[in-house]
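**Q** next one to model:
(chains A and B)
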Amino acid sequence: MSKRNFQFFIVLLTALAALLFAGYGGRGINNGPTVSEIEAPEEVKNILRKACYDCHSNETKLAWFDKLPIISIAVRKDVEEGRRHLNFSVWDTLHPSEKRAKLWDVYNVIRADRMPLMSYLQVHPKAHITIADRHILKAYIDGFATKQPADSTATEIALTQYNGWTKNKVARKSVSPNGIEHIPAYKTWQVMSTTSRFDNGTMRVLYANPIAAQAIQNKNINPWPKGSIIVKAMWQKLEDKDGQVRPGKFINLQYMVKDKRKYRSTGGWGFARFDGLQLKPYGDALILSTECIDCHKTVEQNDFVFNLSTKQQPEQR
Amino acid sequence: MKRSILYGLILLLASACTSNYTSHIRDLSFQNDSLRVITMLINEKANTIAVLFGNELALKNKLAQKPRENNELYKLVTWRQQPNTFWYGSKINGALLCIETVKISSKEGQVVPIYKLDCFDSPFSADLPIDRTQRISFIMNQQLVVLP
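**A** You can find the predicted model right below:
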């Protein structure tokens, strides 16, 4: 190598290093205080710490390469997004029912191999969740399975609601903030499936409009055709001592409306929820464009639909 | 040799693309057509999940708490309950086990419920205690679910 080439090489190397390390440690991650950490068995916490805490707590530990420019921008975005979705350092800001829901969500995204993110695992192999870890997490969340006994209080609440509904039974007009309208004729649609949730003590009937029902029969559901609408009706479960379960209090109706252009940012589905007997529209445009899809991303490979029955008995891992 | 490996890889890729989840999805095992949901029922001991459907007349009379009337139709559709593949914490209707039909007919000025059982799973049907009167009573006495 000539002297001139050598000088050029050194300059190039210096420029590259300057580019890589410019702003190194600059606008990093702001680790706030741990206000109220989740209370769980130590073996569960250890799994959460190794696999989740970097993005889902205020105890983010950055590796040196996480602080490199360009990379650091992506890392910061992941951490901010992660904390927005779930932050184990401010666990007590959640309502007990939200805590339970988050824990089932955590287990399910892990089970679906959606978390930890593959891009994160590639550079943080210690965050890998083993089969044994999954068993520990599963045993832990199984402790939160919900059973609503058909006691006198729950039965009375359901009966009062029933009487109120039968006395004032009118088709209600209700429109979600994102423009999705409640369709009273959903009751005449095909029943797509029926589900029983032991994570939150609810039972559901799902309806498919004629386009969606035809799509299921034709196995044309990945993606679902434009105009498909799925409506889910949800009730609290009332279980007697013999294991017979019937619907208690009506909770809400939830809609998924397929239009890949109109709802491009939420997987091609518009989401809406109408609460209680009054069918009060839930949330605002921002919540409806983030909250629902956050959970439905777990089944992105199914075009974001959870509740279809499969032929094979799934492995409960 | 190289070409056959390439074809093999293409075939493998194609099969991977087509063996997505849709091939595992069950057909809709019961077409409710003009029937509407009266209620849903779960039996945790028997591990079954069921939906009771009725025709418009059945729903109307149930809502108005009117006595049985000719041409009311009820169908109790029972499935095996199975884990939901896509969400741990949820169970879903699986294989169709049986359909119980109650049709109200008029005979010499009296309404008579006619019971019919169609089973699609022999071990289940063998275990099913067929007491027609009891089953008719069970089906007819279900309360309409709140569905605004």
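**Q** for residue A:261, see how far away the residue of the stretch 51-200 of chain A found nearest chain B is.
**A** Residue nearest to chain B within the stretch 51-200 of chain A (Cβ to the nearest Cβ): residue A:199, separated by 3.0 Å. Using the backbone N, CA and C atoms, a C-beta is placed for each residue, glycine as well. Distance of residue A:199 to residue A:261, given as Cβ to Cβ, to the nearest Å: 34 Å.
**Q** neighbours of residue A:289, just the number please.
**A** Neighbourhood size, residue A:289 [other Cβ atoms under 10 Å in any protein chain shown]: 17.
**Q** tell me the SS of it?
**A** The assignment at residue A:289 comes out as helix when based on DSSP: H, G, I helix; E, B strand; the rest coil.
**Q** how about the one 4 residues further on?
**A** Local secondary structure at residue A:293 is given as helix here, using three-state DSSP.
**Q** could you count how many residues lie near it?
**A** Residue A:293 has 17 nearby residues by other Cβ under 10 Å.
**Q** out of residue A:199 and residue A:261, which sits in the busier spot?
**A** Per other Cβ under 10 Å, whichever of residue A:199 and residue A:261 has more neighbours is residue A:199, with 21 against 7.
**Q** you'd agree the more buried one is in a helix?
**A** No: assignment of residue A:199 by three-state DSSP gives coil, placing it outside any helix.
**Q** let me know how buried the nearest residue to it once chain neighbours are set aside is, in neighbour terms.
**A** Closest residue in space to residue A:199, ignoring its immediate chain neighbours: residue B:89 at 3.0 Å, by Cβ to Cβ, 6 or more residues apart in numbering or on different chains. Around residue B:89 there are 22 other residues, counting by other Cβ under 10 Å.
**Q** ok, residue B:51 next?
**A** 23.
**Q** just to be sure, it is in a helix?
**A** No: Residue B:51 is assigned strand when assessed by three-state DSSP, not a helix.
**Q** what about the residue lying closest to it once chain neighbours are set aside, which helix or strand?
**A** Using Cβ to Cβ, 6+ apart and skipping residues adjacent in sequence, the residue nearest residue B:51 is residue B:40, 4.9 Å away. Using DSSP states H and E, residue B:40 sits in strand B:36-43.
**Q** what's the biggest strand in the chain, counting residues?
**A** Using chain A. Secondary structure of chain A read by DSSP state E shows that its longest strand is strand A:244-258.
**Q** chain B is the one I meant
**A** Secondary structure of chain B per DSSP E: the longest strand is strand B:90-107.
**Q** between it and strand B:36-43, how many degrees?
**A** Angle, strand B:90-107 to strand B:36-43, by axes from the mean of the first three to the mean of the last three Cα atoms, to 10 degrees: 120 degrees.
**Q** pull the residues that contact whichever helix or strand comes after strand B:90-107.
**A** Per DSSP H and E, the first helix or strand lying C-terminal to strand B:90-107 is strand B:110-119. Around strand B:110-119, the neighbours that count as contacts under Cβ atoms under 8 Å, 6 or more residues apart in numbering or on different chains are B:67-70, B:97-106, B:125, B:128, B:130, B:132, B:135-136, B:140.
**Q** try it again at 6 Å.
**A** Contacts to strand B:110-119, defined as Cβ atoms under 6 Å, 6 or more residues apart in numbering or on different chains, come from residues B:68, B:98-105, B:125, B:132, B:136.
**Q** can you put the residues you listed in TSV and add pLDDT and distance to chain A?
**A** Formatted as TSV, the contacts of strand B:110-119 follow (pLDDT from 0 to 100; distance: Cβ to the nearest Cβ, whole Å):
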residue	pLDDT	distance to chain A
B:68	89	19
B:98	94	15
B:99	96	13
B:100	95	16
B:101	97	16
B:102	97	18
B:103	97	20
B:104	97	21
B:105	95	25
B:125	68	20
B:132	89	20
B:136	95	18
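**Q** farthest pair within the residues you listed?
**A** Taking Cβ to Cβ, the two most distant members of those are B:68 and B:125; they sit 26.7 Å apart.
**Q** beta partners of residue B:91?
**A** Taking DSSP bridges as the rule, residue B:91 bridges to residue A:196, residue B:83.
**Q** for chain A, what's the nearest residue on chain B?
**A** residue B:89 (3.0 Å).
**Q** so residue A:219 sits against residue B:21, correct?
**A** No: look at residue A:219 against residue B:21 with Cβ atoms under 6 Å: they stay out of range, at 10.0 Å.
**Q** compare the two (neighbour count), which wins?
**A** Neighbour totals were compared for residue A:219 and residue B:21, and residue B:21 leads with 18 against 14 (other Cβ under 10 Å).
**Q** what's near enough to touch residue A:31?
**A** For residue A:31, the contacting residues are A:58, A:60, by Cβ under 6 Å, 6+ apart.
**Q** what is the burial count for the residue nearest to residue B:51?
**A** Residue B:40 has 26 neighbours, counted by other Cβ under 10 Å.
**Q** go on, the one 3 residues further on?
**A** Each residue near residue B:43 was counted by other Cβ under 10 Å, and the total is 15.
**Q** return the distance of it relative to residue A:142.
**A** From residue B:43 across to residue A:142, the span is 21 Å (Cβ to Cβ).
**Q** and chain B, which residues reach chain A?
**A** Residues of chain B lying close to chain A (Cβ under 6 Å from any Cβ of the partner chain) are B:20-22, B:24-26, B:28, B:32, B:36-37, B:40-45, B:49, B:51, B:83, B:85-94, B:145-148.
**Q** filter these down to the buried ones, ChimeraX style.
**A** Under the burial definition 16 or more other Cβ atoms under 10 Å in any protein chain shown, those of the residues of chain B next to chain A that qualify are selected in ChimeraX by:
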select /B:21,22,25,26,28,32,36,37,40,41,42,44,49,51,83,85,86,87,88,89,90,91,92,93,94,145,146,147,148
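**Q** coming back round to it: pretty sure the residue of the stretch 51-200 of chain A closest to chain B contacts residue A:105?
**A** No: judged on Cβ under 6 Å, residue A:199 makes no contact with residue A:105 at a distance of 9.3 Å.
**Q** is stretch A:213-231 up against chain B anywhere?
**A** Yes: counting by Cβ under 6 Å from any Cβ, chain B has neighbours in stretch A:213-231: A:216, A:219, A:221-222.
**Q** among those residues, which are in helices?
**A** Secondary structure from DSSP state H places residue A:216 of the residues of stretch A:213-231 next to chain B in helices.
**Q** list only buried entries from the residues of stretch A:213-231 next to chain B.
**A** A:216, A:221.
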